[in-house]
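> generate coordinates for the sequence data below:
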Amino acid sequence: MFRPSLSATGLRKGCRQDNCGNLIATRQPFAAPPTLIQDNRCSGAPLHATAPRIASLGPKRKAMTSPPQADAETASHARPTLAPSAALPSPMVWLHWLTVLCLVLAAGLILLREEVDGRTLRQWLLEGHRHFGLFVLGLFCLRVAVRLRLGRRHDFAVGSALIRALATLTHIALYALLMALPVLGIGLSQALDKPVHIFGATLPTFVAADPDLADTLGAWHLYAAWGLLGLIVLHIGAALWHHFVRRDEVLRRMLPFLRRH
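Alright, predicted model coming up:
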């Protein structure tokens with residue numbers, strides 16, 4: 001049992017005196033037990049026990065941080081993102097895919113025409129081929145207008161100087177064939193003395209009927225079609241190379257359903 005002893009000051013050891021003359025037992029152990037304190041009104045009211053705050057003896061845990069090696073590995077596999085100035089505007093993206101759709105339909109109709117019989121059906125397929133060819137020409141004019149309107153604010157080619165030069169040359173060749181192919185088709189039809197219609201309206205005649213010229217224009221039209229097909233294959237291969245080898249955003253910025261992710 002704890003027995004307070006007298007000290008030199010006349011108080012018992014382990015006690016202290018409050019302002020009302022009451023003795024209060026105190027201790028200083030390692031883990032202090034509840035300390036009795038006198039009610040502040042000095043009226044002899046019951047003593048209240050308060051538990052002291054015990055400081056945590058354990059060391060604070062350091063926040064877990066990823067090692068530098070993991071950060072470097074994550075960064076190495078991350079796709080490089082394009083600057084906002086390099087993002088392709090939405091009008092250019094939609095004009096691109098509308099042109100692709102018209103090219104596929106024009107090529108599909110003329111190839112199907114070679115496999116079917118019937119004068120009426122073959123003529124209908126030929127007219128459809130001509131219409132979609134004219135759509136390609138119209139979309140080409142819109143693309144040039146939008147590109148001129150944008151000026152040099154948007155840099156469409158990315159990569160090293162060699163890659164940028166090859167991309168520029170490929171795009172110039174694609175644009176030239178996108179314009180030449182429908183123009184040669186119009187000239188071929190008119191050289192065969194076949195008027196060209198678009199939505200019921202007849203285009204003005206630019207080439208007089210001439211069978212020999214029709215043969216020449218027909219050969220050029222075919223060569224231009226094969227050249228455009230080769231450039232399209234090269235274009236698709238370059239887009240896949242950018243996506244799977246360089247792992248950049250060139251292909252993603254051309255896909256409307258992925259541009260928002």
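
> contacts, neighbours, all on C-alpha from now
Noted.

> hang on, residue 117 is in a strand, isn't it?
No. Assigned with DSSP: H, G, I helix; E, B strand; the rest coil, residue 117 falls outside any strand and is coil.

> quick one: it and residue 144, what's the gap?
To residue 144, residue 117 is 39 Å away according to C-alpha to C-alpha, to the nearest Å.

> cool, and residue 91?
Separation of residue 91 from residue 144 (C-alpha to C-alpha) stands at 12 Å.

> shared neighbours of these two, anything?
Applying C-alpha atoms under 8 Å, 6 or more residues apart in numbering, one finds that no residue jointly contacts residue 91 and residue 144.

> quick one, which of residue 117 and residue 144 is more surrounded?
residue 144 (13 against 9; other C-alpha atoms under 10 Å).

> the strand or helix carrying residue 226 - what's its average pLDDT?
According to DSSP states H and E, residue 226 maps onto helix 211-241. Taken as a whole, helix 211-241 has a mean pLDDT of 96.

> tell me what it is packed against?
Under the contact definition 3 or more C-alpha pairs under 8 Å, 6 or more residues apart in numbering; DSSP states H and E, helix 211-241 sits against helix 161-191.

> the helix it packs on: which residues count as buried?
Neighbour counts over helix 161-191 (16 or more other C-alpha atoms under 10 Å) mark 167, 170, 174-175, 177-191 as buried.

> please apply the same query to stretch 217-229.
Applying 16+ other C-alpha under 10 Å to stretch 217-229 flags 217, 218, 220, 221, 224, 225, 228 as buried.

> the protein: strands as residue ranges?
15-17, 23-25, 35-37, 48-50, 197-198, 201-202 (DSSP state E).

> name the nearest residue to residue 254, ignoring sequence neighbours.
Excluding the flanking residues, the one nearest residue 254 by C-alpha to C-alpha, 6 or more residues apart in numbering is residue 93, at 5.9 Å.

> what does residue 190 give?
Nearest one to residue 190, counting by C-alpha to C-alpha, 6+ apart, is residue 207 at 5.7 Å.

> list the residues that contact the one you found.
Taking C-alpha under 8 Å, 6+ apart, one finds 187, 190, 191 in contact with residue 207.

> for residue 131, same thing?
By C-alpha under 8 Å, 6+ apart, the contact list for residue 131 reads 106, 197, 198.

> output those as a markdown table; include the columns neighbour count.
Below are those laid out as a markdown table (neighbours: other C-alpha atoms under 10 Å):
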| residue | neighbour count |
| --- | --- |
| 106 | 23 |
| 197 | 15 |
| 198 | 14 |
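
> of all those, which comes closest to residue 149?
Ranked by distance to residue 149 (C-alpha to C-alpha), these are led by residue 198 at 27.3 Å.

> would you mind measuring from the closest one to residue 209?
20 Å.

> hang on, the earlier thing: I'd like to check the angle between the helix holding residue 226 and helix 161-191, please.
150 degrees (axes from the mean of the first three to the mean of the last three C-alpha atoms, to 10 degrees).

> of the contacts of residue 131, which is the nearest to residue 236?
residue 106 (19.1 Å).

> quick check: closest non-adjacent residue to the closest one.
residue 129 (4.6 Å).

> so, low pLDDT: which residues of the chain?
Filtered on pLDDT under 70, the chain yields the residue ranges 1-87, 152-159, 256-261.

> repeat that for 50
Low-confidence segments of the chain, defined by pLDDT under 50: 1-2, 4-12, 29-31, 36-39, 42, 45-52, 54-68, 70-80, 82-85, 261.

> got the contact list for residue 174?
Shown in contact with residue 174 (C-alpha under 8 Å, 6+ apart): 228, 231, 232.

> perfect, I'm done here.
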